[in-house]
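Participant: Fold the following, please.
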Amino acid sequence: MIKRFLLGVALLFSAVAPHAQVTLEECVERAQENYPLIKKYELLSRTREISLSDINKGWLPQIGIYGQGTAQNAVPSFPDALSDIMNQMGTDIRGLGKLQYKVGAELSQTIWDGGASKSQREIVRSDDAERQAQLDVQLYSVRERVENLFFGILLIDEQIKQTQATQALLLGNLDRLRAMKANGTAMQSDVDMVEAQYLSVSQQLIQARSNSQSYRRMLETFTGMDIAGQQLVRPAADMPGNMAPNRPEMALFDAQDQVNEARSGTIKSSLMPKIGLFAQAYYGYPGFDNFKSMMNRDLSFNVLAGIKVSWNIGSLYTKKNSEQKIRIASDNIAADRDLFLFNTSLQTQQQVDRVNEIGNVMKEDARIVRLRANVRRAAESQLENGVIDATALLAKITEENQARLSATYHEIQLIQSIYQLKYTLNR
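Facilitator: Numbers count the residues shown, from 1 in each chain. Alright, predicted model coming up:
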């Protein structure tokens, strides 16, 4: 019994529970999380780590293995007079052989690369930051698409409400006309006219509901949420407090500047000398002891080690042009930033004017609706008294419906215009 009682209470509360509500901010957040582009952030992060790992491995000892065989037309040898003397003494000195061969390995270790690896790491990080900023710009556009769908649903839902109200109004007048016809005070054509209008409005209601379902399905695709039976919360009409743009494009321009600054570091590092240790070891003929190799053709093991300093001054020739390219790239970025700010400022002013325009139009909406309702009620009374026909009544009903629908549309359009301004500013 207790279980049945608890189950009944649960069913009762579920029956009277209000529909779940969905906010615009929640839709935008879920859409950005659900958008396939979000996967690229992880791919960029993995690519950055791999690139940095490759640069760091450049400091590990570098080992190379080689083998070679050569044939030479001339080799070092003893003077003929000395060779003859040595031959008379029973010692055969043939000199170095013209066929030489060796198998060996080379080992090198960088001590200082002039800052090349540091500049390469900075380039990798700045390139990654630029690509992420580009993704932020692309992902930001999802917000506008979701907001348009959200406000489109709000407009259609208001159309459905007003259509249902008109439908109920027509149905009430249809019942009144049928009663009047039964009493002989109305004609069948009046009844048919109102009934036809009622059926036409019913068709409009079906189309509006279909459009609402279509928009909701598209919003569900963006957000990954089930909003078919949920109520969309109308956002507040709050103007942004700060009119300075905070768009992701600004971060992209900054990231591009960082890339240029990192590339300028490679110009400096290319002018620096490189210092490193090296070692060579090979087994073959001839060895480092040329005298011994002249006496016999035996293979030997040889080792050489030392420190190496290299300085390529060729970068001095292109240093000026390379720096000029960096400055031109920076100037291009600054020009793009100025153009973006100019267009944003122009668009902001247009949107502010649009908000003010709708606000001024809305001032008389309530009065227009009230007057149209008064006219419609007067027309209903005139119809009962036989002063007007059904055609005149339908015109008054249509005018009232249009006035109510326009008033509601203005409210939503005002909010949508404010959110378009917020999108432009990223506020």
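Participant: So, low pLDDT: which residues of this structure?
Facilitator: Scanning the chain for pLDDT under 70 picks out 1-19, 80-84, 86, 88, 90-93.
Participant: so where's the longest helix in it?
Facilitator: When the chain is scanned for its longest helix (criterion: DSSP state H), the result is helix 116-182.
Participant: Check which helices and strands it sits against.
Facilitator: Here helix 116-182 touches helix 24-34, helix 39-56, helix 188-223, strand 231-232, helix 248-270, helix 365-384, helix 390-425, going by 3 or more CB pairs under 8 Å, 6 or more residues apart in numbering; DSSP states H and E. (Each C-beta comes from the backbone N, C-alpha and C, glycine too.)
Participant: quick check, Tyr282 in a helix?
Facilitator: No. Counting by DSSP: H, G, I helix; E, B strand; the rest coil, Tyr282 falls outside a helix, being strand.
Participant: Roughly how far does it sit from Leu96?
Facilitator: Distance, Tyr282 to Leu96, by CB to CB, to the nearest Å: 16 Å.
Participant: Pull the contacting residues for Leu405.
Facilitator: Leu405 is in contact with 158-159, 162, counting by CB atoms under 8 Å, 6 or more residues apart in numbering.
Participant: neighbour-wise, which of those leads?
Facilitator: Within the contacts of Leu405, most neighbours by other CB atoms under 10 Å means Gln162, with 22 neighbours.
Participant: Touching, Leu316 and Leu271? I think so.
Facilitator: Yes. Counting by CB atoms under 8 Å, Leu316 touches Leu271, with 6.6 Å between them.
Participant: Gln21 touches Arg234, doesn't it?
Facilitator: No. Gln21 is beyond contact range of Arg234, at 10.2 Å (criterion: CB under 8 Å).
Participant: the more surrounded of these two?
Facilitator: A count of neighbours by other CB under 10 Å puts Arg234 above the other of Gln21 and Arg234, at 16 against 11.
Participant: gap between that one and Ile153?
Facilitator: Taken as CB to CB, the span from Arg234 to Ile153 is 11 Å.
Participant: ok so, going back, now the longest helix of the chain, how far from the centre of its chain.
Facilitator: Centre-to-centre, helix 116-182 and its host chain are 18 Å apart (CA atoms, centre = their mean, to the nearest Å).
Participant: got the angle for that helix vs helix 390-425?
Facilitator: Between helix 116-182 and helix 390-425, the angle comes out at 170 degrees (axes from the mean of the first three to the mean of the last three CA atoms, to 10 degrees).
Participant: quick one: Val375 and Glu400 touch, right?
Facilitator: Yes. Contact criterion CB under 8 Å: Val375 and Glu400 qualify, at 7.3 Å.
Participant: more crowded one of the two?
Facilitator: Taking other CB under 10 Å, Val375 and Glu400 do not tie; Glu400 has more neighbours (25 against 16).
Participant: Provide a list of residues in contact with the residue nearest to the more buried one when sequence neighbours are not counted.
Facilitator: Distance criterion CB to CB, 6 or more residues apart in numbering; nearest residue to Glu400, sequence neighbours excluded, is Arg372 at 4.1 Å. Contacts for Arg372 (CB under 8 Å, 6+ apart) come out as 396, 399-400, 403-404.
Participant: how about a markdown table for those, with distance to Arg209 added?
Facilitator: A markdown table is the format used below for those (distance: CB to CB, whole Å):
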| residue | distance to Arg209 |
| --- | --- |
| Lys396 | 26 |
| Glu399 | 24 |
| Glu400 | 22 |
| Ala403 | 23 |
| Arg404 | 19 |
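Participant: Compare the residues you listed and tell me which is most surrounded.
Facilitator: That'd be Glu400 among these, by other CB under 10 Å, with 25 neighbours.
Participant: tell me the contacts of the closest residue to Arg209 other than its chain neighbours?
Facilitator: Residue nearest to Arg209 in three dimensions, not counting chain neighbours: Ile160, with 6.2 Å by CB to CB, 6+ apart. When contacts are counted by CB under 8 Å, 6+ apart, Ile160 touches 205, 208-209, 212.
Participant: now, which of the residues you listed sits nearest Val75?
Facilitator: Among the contacts of Ile160, Ser212 lies closest to Val75 (CB to CB), at 94.6 Å.
Participant: what about Phe222, neighbour count?
Facilitator: Phe222 has 19 neighbouring residues, counting by other CB under 10 Å.
Participant: do the same with Ser381
Facilitator: Ser381: 11 surrounding residues under other CB under 10 Å.
Participant: how near is it to Arg404?
Facilitator: Relative to Arg404, Ser381 is positioned 20 Å away (criterion: CB to CB).
Participant: one step back: neighbour-wise, which of Tyr282 and Leu96 wins?
Facilitator: Per other CB under 10 Å, whichever of Tyr282 and Leu96 has more neighbours is Tyr282, with 22 against 18.
Participant: need the contact list for that one.
Facilitator: Contacts for Tyr282 (CB under 8 Å, 6+ apart) come out as 102-105, 301-302.
Participant: What of Thr408?
Facilitator: Contact partners of Thr408, counting by CB under 8 Å, 6+ apart, are 158, 161-162.
Participant: same thing with Ala379?
Facilitator: 388, 392-393, 396-397.
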